[in-house]
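**Q** quick one, what's the 3D model for this:
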Amino acid sequence: MLTLQEIESCGFGVPLWGAIRRMLSWVCCAVWIFAALPALAQHERHESKEAMGVVSRELLQRPLALRRGIGNVHEVVTTSSAGAQAYYDQGLAYLHSFVWIEAARSFHQALRLDPSLAMAYLGLSDAYVGLQDMPTALAAFEKARSLAANASERERTRTTIRARQLDYLQDNDNLQKYFAYRKALTDALAATPNDPWLWILRGFADEGTPTAHGQGGGVDTIAFYETALKLSPDNFAAHHYLAHTLENQGPLKEALEQSEIYVRMAPAIPHAHHMHGHDLRRAGQTEEAIQEFLKAEELENDYYRAENIPPQLDWHHAHNLQLLGMSYEALGQVKAAEAAYRKAFSLPAYTDFADYNRKAWPEFLLDHDRAQEALVATQELENSRWAMTRFAGHALAGRALLATNRVEDAKSELSMAERESEQISTSVLKSLVDGVLLRAEILLREKNWSEGNRLMEEAEKDIGAVPGPDAWSEALFEFEYIAHLAREVGDWELAEHTAQKMIQHDPSYAGGYFALGLVAEHQGDAPTAKQEFSTAEKLWSKADADLRPPQVRKP
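**A** Residues are numbered from 1 along each chain as shown. Down below sits the predicted model:
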């Protein structure tokens, strides 16, 4: 087992500058990560302290049975009730798969069996943060702290760590509070280096944000999760977080292995299947990925029916549908993709990031030459409570207007998008390319090639730089939009460059080869065009037959 000092000395990135760097750069990837984590990661700052939960107290306190297939975890807590211990462990398992509702129900059930169980209140404080109910999270923590005197020293230490984390959560611009949070964990590990949960929490602390919950790790956090696994090889939570970290870093084979272990250890958890699905998708195993997304949806729907829970209360449902839609679209199964996107768009969103990602539906409509429908959909985005979503709505409305040759109206939408962007932090705005794409498209349609191409090249760099599997899937279709636009306006140099970028990004996607074939056809290179169209035909073998481009349809 590695000690903390050994990790700090062997280049795993625990040095302070690494954490500060991630804290400053984290928001560039948060758009996609927080689509999958509706915690209090609001960047319109008033939201984080006023946010209240959308799930009723009645639902969160409903009794429930002990479940199987959710991952076996055990952390000894101070209680004389075996039942309370079992429900605490169940709450912990759900917590580490982001199943906030069931985590809260489990902790409440543990407290019904043992009202003095401090660690159940501590778990509730975490679950309520995930449920966007900060006042209740703080109240649960205060109850945990009031009971800590009768708990073990280890539990009191965990309470101290949680206190520092919540302080930082409420004031996440305050570096001193971040340092205090991390120091509490460092001190705890120095005293108890064999506790795998402390190593997992230490990985969280190194992410540079109090709300990533294992999804924002970099190379520095790998050692922490691996150390947790050395101490507890069957700890599914460590496998879960290691998979997320490896996804962010890019070693796909290792990430796929970790997500496979996660789904094997927690087969009843939709997020486990979802995670394995997006790793399979990135590996080019799109049909297998779809099966995992469908399994996640099946488990979710069974759960909603059995527990009488409205699907819109589960953050994961819309997110899974969006990735399912992207996977269908990658295979050319546009009808199935449309159904998934439409369903996801119909569900309400309860965070700025989740609401922003509803733009997938109007983007899909634009990609399939349905500009009027897209324009209608953007109106809903423009009326959002969040500036980030309104920004995307205006930018996409501008693209829809350009598709119908209403250039001046598109310029008005660009102005409105830019006004909304003033309410978004600069670091977050860098990862939101919607406005840049609209401005670049206007320039290209006006034949301002040099400036339009410069902006498109900047946008392509930003699109490709955002880490994580969700961003990777989204990037493919953003590249495809650029390639389509370039051909439409006659910018064949940009069309060729972007087609090559699509193939480099995802060699399993037929659209990249089709786009390159169109470039070759324009250049009069018939042999190359034929070869590229042939490759596209093979990769589109499972596509909707009536939707495949004529160039690649078999005679």
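
**Q** so where is the chain shaky, pLDDT-wise?
**A** Scanning the chain with the threshold set as pLDDT under 70 gives 1-52, 208-210, 212, 547-548, 550-555.

**Q** mind listing what the spatially closest residue to residue 366 that is not a sequence neighbour touches?
**A** Once flanking residues are discounted, residue 366 sits nearest to residue 374: 4.7 Å by Cβ to Cβ, 6 or more residues apart in numbering. Where you see a C-beta, it was placed from the backbone N, CA and C, and this is true even at glycine. The contact partners of residue 374, by Cβ atoms under 8 Å, 6 or more residues apart in numbering, come to 362, 363, 365, 366, 396, 399, 400, 403.

**Q** quick one: neighbours of the third one, just the number.
**A** As a burial measure, residue 365 scores 24 neighbours (other Cβ atoms under 10 Å).

**Q** surely residue 516 is in contact with residue 492?
**A** No: assessed by Cβ atoms under 8 Å, residue 516 is found out of contact with residue 492, at 11.4 Å.

**Q** so the two - more neighbours on which side?
**A** residue 516 (25 against 14).

**Q** continuing past the host helix or strand of residue 377, what's the next helix or strand?
**A** Using DSSP states H and E, residue 377 sits within helix 371-382. Tracing the chain past helix 371-382, the next element assigned as helix or strand by DSSP H and E is helix 387-403.

**Q** okay, the angle between that following helix and helix 371-382?
**A** Interaxial angle of helix 387-403 relative to helix 371-382 (axes from the mean of the first three to the mean of the last three Cα atoms, to 10 degrees): 160 degrees.

**Q** who does helix 387-403 touch, helix- and strand-wise?
**A** Contact partners of helix 387-403 among helices and strands, from 3 or more Cβ pairs under 8 Å, 6 or more residues apart in numbering; DSSP states H and E: helix 352-356, helix 360-367, helix 371-382, helix 407-421, helix 434-445.

**Q** ok, now with 6 Å
**A** helix 352-356, helix 371-382, helix 407-421, helix 434-445 (3 or more Cβ pairs under 6 Å, 6 or more residues apart in numbering; DSSP states H and E).

**Q** what's it in contact with?
**A** Residues from elsewhere that reach helix 387-403 (Cβ atoms under 6 Å, 6 or more residues apart in numbering): 44, 352, 355-356, 359, 362, 366, 371, 374-375, 378, 381-382, 384, 409-410, 413-414, 416-417, 420-421, 423-424, 434-435, 438, 441.

**Q** and the helices in the stretch 1-150 of the chain, which stretches?
**A** 4-9, 16-25, 27-33, 46-50, 57-60, 82-95, 100-113, 118-130, 134-147 (DSSP state H, counting those that start in this stretch).

**Q** please identify the buried residues of the fifth one?
**A** When burial is assessed from 16 or more other Cβ atoms under 10 Å, helix 57-60 yields the following buried residues: residue 60.

**Q** how about that helix as CSV, C-alpha atoms only?
**A** Taking Å, rounded to 0.1, in the frame of the first residue of the first chain, the C-alpha atoms of helix 57-60 are listed here in CSV:
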residue,chain,number,x,y,z
ARG,A,57,-39.9,14.9,1.7
GLU,A,58,-42.6,12.2,1.7
LEU,A,59,-40.9,10.3,-1.1
LEU,A,60,-37.5,10.6,0.4
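
**Q** which residues touch residue 157?
**A** With Cβ under 6 Å, 6+ apart, residue 157 has these contacts: residue 188.

**Q** what about the residue nearest to residue 366, distance to residue 415?
**A** Distance, residue 374 to residue 415, by Cβ to Cβ, to the nearest Å: 19 Å.

**Q** next: residue 223.
**A** Distance from residue 223 to residue 415, by Cβ to Cβ: 48 Å.

**Q** tell me which of those two has more neighbours.
**A** Between residue 223 and residue 415, counted using other Cβ under 10 Å, residue 223 has the larger neighbour count: 23 against 11.

**Q** please, which helix or strand holds that one?
**A** helix 219-231.

**Q** which strands or helices does that helix pack on?
**A** So helix 219-231, by 3+ Cβ pairs under 6 Å, 6+ apart, packs with helix 196-205, helix 236-249.

**Q** export these to CSV and tack on distance to residue 229 and mean neighbour count?
**A** Formatted as CSV, the helices and strands packed on helix 219-231 follow (distance: least, Cβ to Cβ, whole Å; neighbours: other Cβ atoms under 10 Å):
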stretch, distance to residue 229, mean neighbour count
helix 196-205, 8, 24
helix 236-249, 5, 26
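
**Q** nearest to residue 314, of those helices?
**A** Nearest of the helices and strands packed on helix 219-231 to residue 314, taken as Cβ to Cβ: helix 236-249 at 17.9 Å.

**Q** ok, and what's touching the closest one?
**A** Counting by Cβ under 6 Å, 6+ apart, 71, 96, 200, 214-215, 217, 219, 221-222, 225, 228-229, 254-255, 258-259, 261-262, 265-266, 467-469 sit against helix 236-249.

**Q** can you flag the buried ones in those?
**A** Counted by 16+ other Cβ under 10 Å, the contacts of helix 236-249 give 71, 96, 200, 214-215, 217, 221-222, 225, 228-229, 254-255, 258-259, 261-262, 265-266, 467-469 as buried.

**Q** not counting sequence-adjacent ones, nearest residue to residue 156?
**A** According to Cβ to Cβ, 6+ apart, the nearest residue to residue 156 is residue 148 (5.0 Å).
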